[in-house]
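Participant: only geometry, no sequence info:
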């Protein structure tokens, strides 16, 4: 497809949409920008664009005559692909892409891509660090904070792009082709968007759709979905496991991460040398090691980097200690499975702050994971009653409702004793109270740092 001769409609005016417009305009491609919110002002959107932007902005309803001009629609990740408006475009044979597919059209180098329900950001950040230490021309993009569209024109045949990709983005790929891909795990999430677990699983698995025998797919052997999926694909599969010793792949043996291939065993590092807490992070490290080795990174660079890496903001991030109480920010725990991993990483009696936007998740397994670690559960947001009911079903009744995050922090600070921990790990999205999990995490840290000794 010759994109230069097409008319492109960008749907959504957030970071992803604005990045797509900037890329398209740089290439002098005719571009329209659409926001379905009738209340938003054109001036507000225009101020997000470059001053010399000539992109036409459309707000509210879009006229049929205008749709007749469109060849490609680029959907922002937050735009569901089954909206009536999107279906209408499909019936007109308008090609539906996402930001990842648009950026990949201009990609000149190699792509290493990571998806999974949990652990994507930590894994992407660590892999990015390793690749930067090995290969100067490296870009780290995606949900981790930098839109792929903002860096892709800087790529060349020798560059490497490390990309965190979500199920939303993978729904709309066509030619996206990572030379190494990883699916870290698949557990229920975003079912309000994908509707069924099968749809969600298929979206994640699309990451390998265009891979060949020459490419690598890294999969979690301990996850039933990914283990079985590995038997069905043509790319070279490398498994990692925290629970099993593998004949080939990455696994843990007596506290040491080991890489096994046909020829020999290579110890990479001991778990107690890592600065990342928790078994889930050990899985993330193993996935990174597998992807790095598949790309040819020397073992010593991998070893040095994984030992130094301290993690990412908002993922079981130590904030401070006040009056002998340790505070941890796990705002990125936006679903029950991620929040379970946050609890499992705690080594103190814990006051847990949870609740937020309802993604049709179930919370019983999260409550079951408390296992005597959680002293009090402080709940807020739209899901607080739903979570409280699940907790009571599981026999956990130390529950307090808070009206806002600041009040939740103050409640924990008042009740916690020396040697306790306070963990923000909501098991829910932040929407409705905050713009995103990053804002929620920053506010938590702000409130904690305001506490007096």
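Facilitator: That came through, no problem. Predicted, not measured: the structure shown is a model, and the values here were computed from it. Numbering: from 1, shown residues only.
Participant: in the stretch 201-350 of the chain, which spans are strands?
Facilitator: Taking DSSP state E, counting those that start in this stretch to define them, one finds strands in the stretch 201-350 of the chain at 216-220, 236-241, 249-253, 256-260, 265-270, 317-322, 325-329, 350-354.
Participant: These: which one's closest to residue 449?
Facilitator: Set against residue 449 and scored by C-beta to C-beta, the strands of the stretch 201-350 of the chain come closest in strand 317-322, at 6.3 Å. Bear in mind the C-beta positions are built from the backbone N, C-alpha and C, glycine included.
Participant: mind checking how far that closest one is from the chain centre?
Facilitator: On the basis of C-alpha atoms, centre = their mean, to the nearest Å, strand 317-322 sits 23 Å off its chain's mean C-alpha point.
Participant: now swap in stretch 440-448 and tell me
Facilitator: 20 Å.
Participant: just stretch 342-352 next, same as before
Facilitator: 22 Å.
Participant: Check stretch 233-247 too.
Facilitator: 22 Å.
Participant: What separates the first and last residues of it, distance-wise?
Facilitator: 20 Å (C-alpha to C-alpha, to the nearest Å).
Participant: residues in contact with that stretch?
Facilitator: For stretch 233-247, the surrounding residues in contact (C-beta atoms under 8 Å, 6 or more residues apart in numbering) are 181, 208, 211-222, 227, 230, 248-253, 260, 279, 282-283, 286-287, 289-290, 294.
Participant: buried subset of the residues you listed?
Facilitator: 181, 208, 211, 215-222, 227, 230, 249-252, 260, 282-283, 286-287, 289-290, 294 (16 or more other C-beta atoms under 10 Å).
Participant: ok, back up a step: now distance to residue 340 too, for the strands of the stretch 201-350 of the chain, in JSON lines please.
Facilitator: Putting these into JSON lines (distance: least, C-beta to C-beta, whole Å) gives the following:
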{"stretch": "strand 216-220", "distance to residue 340": "15"}
{"stretch": "strand 236-241", "distance to residue 340": "19"}
{"stretch": "strand 249-253", "distance to residue 340": "19"}
{"stretch": "strand 256-260", "distance to residue 340": "22"}
{"stretch": "strand 265-270", "distance to residue 340": "25"}
{"stretch": "strand 317-322", "distance to residue 340": "17"}
{"stretch": "strand 325-329", "distance to residue 340": "15"}
{"stretch": "strand 350-354", "distance to residue 340": "11"}
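Participant: From the centroid of this structure, which residue is nearest?
Facilitator: The chain has residue 120 as the residue nearest its centroid, 4.7 Å off, counting by C-alpha atoms, centre = their mean.
Participant: Pairing partners for the closest residue in space to it that isn't next to it in sequence in the sheet, please.
Facilitator: In space, and not counting its chain neighbours, residue 120 is closest to residue 164: 4.8 Å by C-beta to C-beta, 6 or more residues apart in numbering. Bridge pairing for residue 164 (DSSP bridges) gives the partners residue 114, residue 142.
Participant: Show the end-to-end separation of stretch 206-218, please.
Facilitator: Across stretch 206-218, first to last residue, C-alpha to C-alpha, it's 14 Å.
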